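Enquirer: need a 3D model of the sequence below.
(one chain, ligands or ions: 1)
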Amino acid sequence: MARPKNDTFLRALMRQPVEYTPLWLMRQAGRYLPEYCETRKRAGSFLQLCKNKDLATEVTLQPLARYDLDAAILFSDILTVPDAMGLGLYFSEGEGPRFERPLREEWAIRDLAVPDPYGPLRYVMDAVSEIRRALDGSVPLIGFTGSPFTLACYMVEGGSSDDYRRVKTMLYERPDLLHHILNVTAQSVVAYLNAQIESGAQAVMIFDSWGGVLAHDAYQEFSLAYIRQILDGLIREKDGEKIPAIVFTKGGGLWLESIADSGCDAVGLDWTVDIGSARARVGHKVALQGNLDPSILFASPEVVAREAKKVVDSYGHGTGHVFNLGHGISQYTSPEVVTALVKAVHEHSRQYHQAAA
Ligand code: CP3
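Expert: Okay, here's the model as predicted:
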């Protein structure tokens, strides 16, 4: 498979010369776009949208039609894996994701098995192949998964949580049980991501959205160790092209050095760290992705452009930066400010790159 026409994103991840700083946005296909809401309505629900390859392809491409983004991300969800493990995912209006059968009993935990990515998760692989075909070599396609710890949070809590009481109780009372969940989940995720790569994903991202709620030692033992296990098992090259892997631990700023040592190619940053300081700490090892506070997008296009330029300036000269938000774009964002954001990043960053194409 040939490199996409615009491979700026892949080059920046591999810290090869680029002409400008590439960008994409976490949750770039989402409810802030009226066309997304329209397609979601047609699908009937968010899950049906994920499970229909034509509609999933349609929404994946919507932000790319509107904005000059440098990558596409598979439209799906991290919770497809525990759903395929039999937990019964559903979304109730205003409540976010929930599981019908959260992991509360030891026998249920001992019964967990690795789902076949071409069995109950086949719809994800079908979407990946369909999106790759539709992109037709324009920009790279990112595949993704949740980290084992982040998935375990949802699997044990049964949904979103304010205090992670159940999963943290298990962590301290029955670490053996949590380790078992994390082990089976890590194996599931390796098979799942490798199948996405086989189906056409050109880079992969591991979302560790809740790793940042852990204590220092617990983060290493219960989150990062399993991220490392995934990275060790991933296909890292396909058809002669490297498949870069990005690790994003929200709230992981204190642990950047150990994340950069996990075997990933790039580290995703939330908005709490200064990207220039992060670069000084780990930029000789990995690329960095981030890290504008998504709340800045509630401000005017002028303010958005000013703040985006600050992130670009803070990173400074040379490759190794993929611009993004520090977390997903809010549904209350006005689609117009994103136009200003993309323009500011692309134009302002050129002065920092002198690469010949
Ligand atoms: O980035 C993208 O555009 C790709 C698609 C994507 C979605 N979810 C679509 C989605 C990705 C990469 C995710 C990952 C995901 N899902 C994470 C990790 C990233 C993060 O945000 O920290 C997590 C924790 C989830 C679990 C999840 N899925 C939650 C908590 C919710 C509810 C959030 C909300 O805004 O209501 C979802 C649903 C979801 N996943 C939506 C989208 C576009 C909103 C669904 C809708 O249309 O109602």
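
Enquirer: by mean pLDDT, point me to the weakest helix or strand of the chain.
Expert: Lowest on mean pLDDT, DSSP states H and E among the helices and strands of the chain sits strand 89-92, with a mean of 92.

Enquirer: using CSV, list the CA coordinates for whatever helix or strand comes next after that one.
Expert: Later in the chain than strand 89-92, the nearest helix or strand by DSSP states H and E is strand 96-99. In CSV, the C-alpha atoms belonging to strand 96-99 read as follows (Å, rounded to 0.1, in the frame of the first residue of the first chain):
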residue,chain,number,x,y,z
GLY,A,96,-23.2,8.3,28.6
PRO,A,97,-22.1,4.7,28.1
ARG,A,98,-23.3,1.9,30.3
PHE,A,99,-22.9,-1.9,30.6
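
Enquirer: could you check which residue of the stretch 251-357 of the chain lies nearest the ligand?
Expert: Gly328 (4.3 Å; CB to the nearest ligand atom). C-beta: built from backbone N, CA, C; applies to glycine.

Enquirer: now do the chain
Expert: Counting by CB to the nearest ligand atom, the chain gets nearest the ligand through Ser209, at 3.2 Å.

Enquirer: how about that residue, what does it touch?
Expert: For Ser209, the contacting residues are 78, 146-147, 150, 248, 250, by CB atoms under 8 Å, 6 or more residues apart in numbering.

Enquirer: can you redo those residues as JSON lines with pLDDT?
Expert: Formatted as JSON lines, the contacts of Ser209 follow (pLDDT from 0 to 100):
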{"residue": "Ile78", "pLDDT": "98"}
{"residue": "Gly146", "pLDDT": "98"}
{"residue": "Ser147", "pLDDT": "98"}
{"residue": "Thr150", "pLDDT": "98"}
{"residue": "Phe248", "pLDDT": "98"}
{"residue": "Lys250", "pLDDT": "98"}
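
Enquirer: rebuild those residues as CSV, extending it with neighbour count.
Expert: Output for the contacts of Ser209, formatted as CSV (neighbours: other CB atoms under 10 Å):
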residue, neighbour count
Ile78, 18
Gly146, 24
Ser147, 28
Thr150, 25
Phe248, 27
Lys250, 21
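
Enquirer: counting neighbours, what do you get for the residue nearest to Thr60 when sequence neighbours are not counted?
Expert: The shortest distance from Thr60 to any non-neighbouring residue, by CB to CB, 6 or more residues apart in numbering, is to Phe75 (4.4 Å). For Phe75, the count of nearby residues is 26 (other CB atoms under 10 Å).

Enquirer: I'd like the distance between Phe75 and Ala12.
Expert: Per CB to CB, to the nearest Å, Phe75 is found 23 Å from Ala12.

Enquirer: next: Val190.
Expert: 25 Å.

Enquirer: ok, and the closest non-adjacent residue to the residue of the stretch 251-357 of the chain closest to the ligand?
Expert: Arg27 (3.5 Å).

Enquirer: count the neighbours of that neighbour for me.
Expert: Neighbour count for Arg27, taken as other CB under 10 Å: 18.

Enquirer: picking that back up, pLDDT score for the residue of the stretch 251-357 of the chain closest to the ligand?
Expert: Looking at Gly328, its pLDDT is 98.

Enquirer: now Ala356
Expert: So Ala356 comes in at 48 (pLDDT).

Enquirer: would you mark the buried spots in the least confident helix or strand of the chain?
Expert: Residues of strand 89-92 classed as buried: Leu89 (neighbour count, 16 or more other CB atoms under 10 Å).

Enquirer: which strands and helices lie in contact with the strand or helix carrying Pro63?
Expert: Counting by DSSP H and E, the element that carries Pro63 is helix 53-66. Here helix 53-66 touches helix 34-43, helix 46-51, strand 72-73, helix 122-135, helix 335-349, going by 3 or more CB pairs under 8 Å, 6 or more residues apart in numbering; DSSP states H and E.

Enquirer: contacting residues around the fourth one?
Expert: In this case it means helix 122-135. Counting by CB under 8 Å, 6+ apart, helix 122-135 makes contact with 4, 50-54, 56-57, 60-61, 72, 74-76, 80, 117-118, 141, 143, 192, 195-196, 198-201, all of which sit outside it.

Enquirer: follow-up on the earlier one: in what element of secondary structure is the residue nearest to Gly328 found?
Expert: Using DSSP H and E, Arg27 falls outside every helix and strand.

Enquirer: can you show me the strands along the chain?
Expert: Assigned by DSSP state E, the chain shows strands spanning 72-73, 89-92, 96-99, 141-146, 203-208, 237-238, 241-242, 245-249, 266-268, 287-292, 321-325.

Enquirer: can you tell me which of these is packed in deepest?
Expert: Neighbour counts (mean count of other CB atoms under 10 Å) averaged over each of the strands of the chain peak at strand 321-325, with a mean of 29.

Enquirer: would that one count as contacting the ligand?
Expert: No: Strand 321-325 stays clear of the ligand (CB under 6 Å from any ligand atom), getting no nearer than 9.8 Å.

Enquirer: just the mean pLDDT for that strand, thanks.
Expert: 98.

Enquirer: need the strands of the chain in JSON lines with distance to Thr185, can you?
Expert: Formatted as JSON lines, those follow (distance: least, CB to CB, whole Å):
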{"stretch": "strand 72-73", "distance to Thr185": "21"}
{"stretch": "strand 89-92", "distance to Thr185": "14"}
{"stretch": "strand 96-99", "distance to Thr185": "13"}
{"stretch": "strand 141-146", "distance to Thr185": "9"}
{"stretch": "strand 203-208", "distance to Thr185": "12"}
{"stretch": "strand 237-238", "distance to Thr185": "24"}
{"stretch": "strand 241-242", "distance to Thr185": "26"}
{"stretch": "strand 245-249", "distance to Thr185": "16"}
{"stretch": "strand 266-268", "distance to Thr185": "20"}
{"stretch": "strand 287-292", "distance to Thr185": "24"}
{"stretch": "strand 321-325", "distance to Thr185": "25"}
